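A.B. asks: Could you look at this predicted model? Sequence included:
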Amino acid sequence: MNLFRSEEHARNWSSFEPASADGIMPVADWARIFSGPLFRDRLDPGYLSRSGAGRAAFMQALADLGKTSDFWRPG
Amino acid sequence: MAEPQTVQQAYSIILRRNIETGAAPHYTELARLLHVTPDQARDIQRDAVAAAAGCWISHDTDYLHSIAPFSNLPTQYRVTVEGEQRWYGQCGLESLAVRWLFPGKEVRIDAPCLDCGEPIVVRMKDDEILEVDPPEAVGHTVASFMKRSTASSAYR
């Protein structure tokens, strides 16, 4: 879960695994994904009881960006 | 397992302390705040970590390592809020969620690129991304977030 100066830098990283290439996205897209209730509502008093819905919203945000391959499927 | 209300209370205390000071409380302090024994607080802390996404305790210890989006240990993701650098992001992507804990304030992430060591800067305020430098900067995950606890190279 790291930031790189460009996709080329991410792919050039010594620990880069080609199978994870789908996990490269512009910072703006990641910022959108990390705007769902799982991340935005952490200060809500009932946050933990609603985390299941937050995880579903997170997966939907990924799907909205076309991230539906096996790589993104929960293990 | 502790009552859900108690677990939520502990989670909120830990997160708010991190927001205020840049570090989570030790469980003995949590004990005082929850009016329970230290042993009970240690167990409640474990329950809170298990209940929340992106939280863990350092291996073979009772020390809280990370409560997303923060890290209790320094990482390369330095977080500055309104000009004060006091926090560390858990990872590059969770760093992008720190802004939700500081509504109305500018949050800046400074990090070196793991490939070349040159700087990356992201500035945000609520829903607005104020700056990404360089503009072509990317985020990368080595595994799906729901699998990432098993990915040893996820956190570098």
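C.D. replies: That came through fine. Numbers count the residues shown, from 1 in each chain, chains lettered A, B, ... in the order given.

A.B. asks: which residues sit against stretch B:112-121?
C.D. replies: Contacting residues not belonging to stretch B:112-121 are listed as A:2-5, A:9-10, A:12-15, B:76, B:108-111, B:131-134, B:137, B:156 [C-beta atoms under 8 Å, 6 or more residues apart in numbering or on different chains]. Yep, even glycine has a C-beta here, placed from its N, CA and C like the rest.

A.B. asks: Apply 7 Å and report the result again.
C.D. replies: When contacts are defined by C-beta atoms under 7 Å, 6 or more residues apart in numbering or on different chains, stretch B:112-121 is touched by residues A:2-5, A:9, A:12-13, B:76, B:108, B:110-111, B:131, B:133, B:137, B:156.

A.B. asks: Can I get it as PDB, trimmed to CA atoms?
C.D. replies: The C-alpha coordinates for stretch B:112-121 follow below in PDB (Å, rounded to 0.1, in the frame of the first residue of the first chain):
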ATOM      1  CA  PRO B 112       9.600   9.300  -0.400                       C
ATOM      2  CA  CYS B 113       9.100   7.100  -3.500                       C
ATOM      3  CA  LEU B 114      10.200   3.600  -2.600                       C
ATOM      4  CA  ASP B 115      11.800   3.200  -6.100                       C
ATOM      5  CA  CYS B 116      13.800   6.400  -6.300                       C
ATOM      6  CA  GLY B 117      13.600   8.100  -2.900                       C
ATOM      7  CA  GLU B 118      12.400  11.400  -4.400                       C
ATOM      8  CA  PRO B 119       9.600  13.200  -2.600                       C
ATOM      9  CA  ILE B 120       5.800  12.800  -3.200                       C
ATOM     10  CA  VAL B 121       3.400  15.300  -1.800                       C
END
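
A.B. asks: picking up where we left off before, which two from the contacts of stretch B:112-121 end up farthest apart in space?
C.D. replies: Taking C-beta to C-beta, the two most distant members of the contacts of stretch B:112-121 are A:Asn12 and B:Arg108; they sit 25.7 Å apart.

A.B. asks: Tell me where the model's unsure across the chain.
C.D. replies: I went with chain A, as the question did not name one. The model of chain A has pLDDT under 70 over residues A:75.

A.B. asks: my bad, the chain I had in mind was chain B
C.D. replies: Within chain B, the set of residues satisfying pLDDT under 70 comprises B:144-156.
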